[in-house]
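*Asks:* Everything below, folded, please.
(one chain, ligands or ions: 1)
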Amino acid sequence: MLPYMPSTGGMCSAFPPYRALEKLRCHSFPHWPVRASSATAMQIRTLAVFGITGQTGHALVNAAAVRGWAVRGFARPESATPRGPAAPIIVRGYFTDSTRVVEAVAGADAVCCVIGPRAPYTEVFCAAATAAIVQAMRQVGSRRLVCQTGAMVGPGNRTPAFEWFCRSFARRRPAVAQDRLEQEGLIRECGLDWTLVKPPRLTNGPARHAVKAGCALRVGLLSSISRADIAEFMLDAIEGAQYVCARVFVRG
Ligand SMILES: NC(=O)c1ccc[n+]([C@@H]2O[C@H](COP(=O)([O-])OP(=O)(O)OC[C@H]3O[C@@H](n4cnc5c(N)ncnc54)[C@H](OP(=O)(O)O)[C@@H]3O)[C@@H](O)[C@H]2O)c1
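*Replies:* Residues are numbered from 1 along each chain as shown. The predicted structure follows:
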């Protein structure tokens, strides 16, 4: 019989025996559900989101709000305020301002990074921004980092047509492709509890809750996944302590 184990970050998990049991559950039995006690249910967890003004950021805020997370976002001073019923706290700043980045992650139980260049995909900033996030997380002692890059970044189990498309993009935008590679390298070496989430084409369809995920998942030119499903996947990975230190491909 599975003993009751409070969820990670819950009040009881402050006790070393519970932490040890939780660690055992996460690493050996990641599919076992975690039951919330009234104590843990009352505890509001905080999620810090970088890229909150983007479309995945928007999906993440909505999904997190439904699950009872408090969301804090980081956005450039000139970015539009995120729309929607959830009202996240927004820290305004640039990634070069470490004080503001630290403010965004302070006290966060988990951090999601869903930044990326907007069309025409010429801006090179992801590796530097991610380095700032990692540095800030180390400073405040926050450990769980889930970062979305893409199925086109680095090695993968891609169909020949998709592989050709990735190489062609890298030839047209070498600095951007290199930036995303460096971003992934930085995360893999960061020493935190990281997950790299690697979707193919993103859509704005509804969540279908039928995500296929795997470190060697086959992805093709026609593969896609909705941002709503990605958001649920990221939150599942955080709440279930799944895919820690893994580079995971996802598709609908
Ligand atoms: N679109 C796809 O089909 C696709 C497929 C696979 C992977 N991805 C990746 O998935 C992630 C999310 O994609 P998305 O389409 O949902 O995002 P998106 O709507 O394009 O949003 C991008 C986010 O990154 C921020 N950003 C852009 N340039 C920035 C800069 N120079 N400095 C700071 N922040 C900056 C944006 O902030 P502002 O509001 O300030 O611009 C926004 O919050 C990205 O990493 C993307 O590369 C996308």
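
*Asks:* how about the residues of the stretch 1-150 of the chain that lie near the ligand?
*Replies:* 51, 53-57, 75-76, 79, 114-118, 123, 125, 148-150 (Cβ under 6 Å from any ligand atom). C-beta: built from backbone N, CA, C; applies to glycine.

*Asks:* could you flag which of the residues you listed are buried?
*Replies:* Neighbour counting by 16 or more other Cβ atoms under 10 Å classes 51, 53-54, 56-57, 75, 114-116, 125, 148-150 among those as buried.

*Asks:* Pipe these into JSON lines and attach secondary structure and pLDDT per row.
*Replies:* Shown next, in JSON lines, are those (DSSP: H, G, I helix; E, B strand; the rest coil; pLDDT from 0 to 100):
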{"residue": "Gly51", "secondary structure": "coil", "pLDDT": "98"}
{"residue": "Thr53", "secondary structure": "coil", "pLDDT": "96"}
{"residue": "Gly54", "secondary structure": "coil", "pLDDT": "96"}
{"residue": "Thr56", "secondary structure": "helix", "pLDDT": "97"}
{"residue": "Gly57", "secondary structure": "helix", "pLDDT": "97"}
{"residue": "Ala75", "secondary structure": "strand", "pLDDT": "97"}
{"residue": "Val114", "secondary structure": "coil", "pLDDT": "98"}
{"residue": "Ile115", "secondary structure": "coil", "pLDDT": "98"}
{"residue": "Gly116", "secondary structure": "coil", "pLDDT": "98"}
{"residue": "Phe125", "secondary structure": "coil", "pLDDT": "98"}
{"residue": "Gln148", "secondary structure": "strand", "pLDDT": "98"}
{"residue": "Thr149", "secondary structure": "coil", "pLDDT": "98"}
{"residue": "Gly150", "secondary structure": "coil", "pLDDT": "98"}
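
*Asks:* Any chance of TSV for these, columns distance to Val101?
*Replies:* Converted to TSV, these look like this (distance: Cβ to Cβ, whole Å):
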residue	distance to Val101
Gly51	13
Thr53	16
Gly54	17
Thr56	19
Gly57	16
Ala75	12
Val114	15
Ile115	12
Gly116	17
Phe125	13
Gln148	18
Thr149	19
Gly150	23
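
*Asks:* Would you map the helices across the chain?
*Replies:* 16-28, 38-42, 55-66, 98-105, 126-140, 160-172, 174-188, 227-239 (DSSP state H).

*Asks:* re the thing from before, out of the buried ones among the residues of the stretch 1-150 of the chain next to the ligand, what pair is the most spread apart?
*Replies:* Ala75 and Gly150 (21.1 Å; Cβ to Cβ).

*Asks:* what bits of the stretch 1-150 of the chain have low per-residue confidence?
*Replies:* For the stretch 1-150 of the chain, the stretches flagged by pLDDT under 70 are 1-42.

*Asks:* what's around Ala80, how many residues?
*Replies:* 8 (other Cβ atoms under 10 Å).
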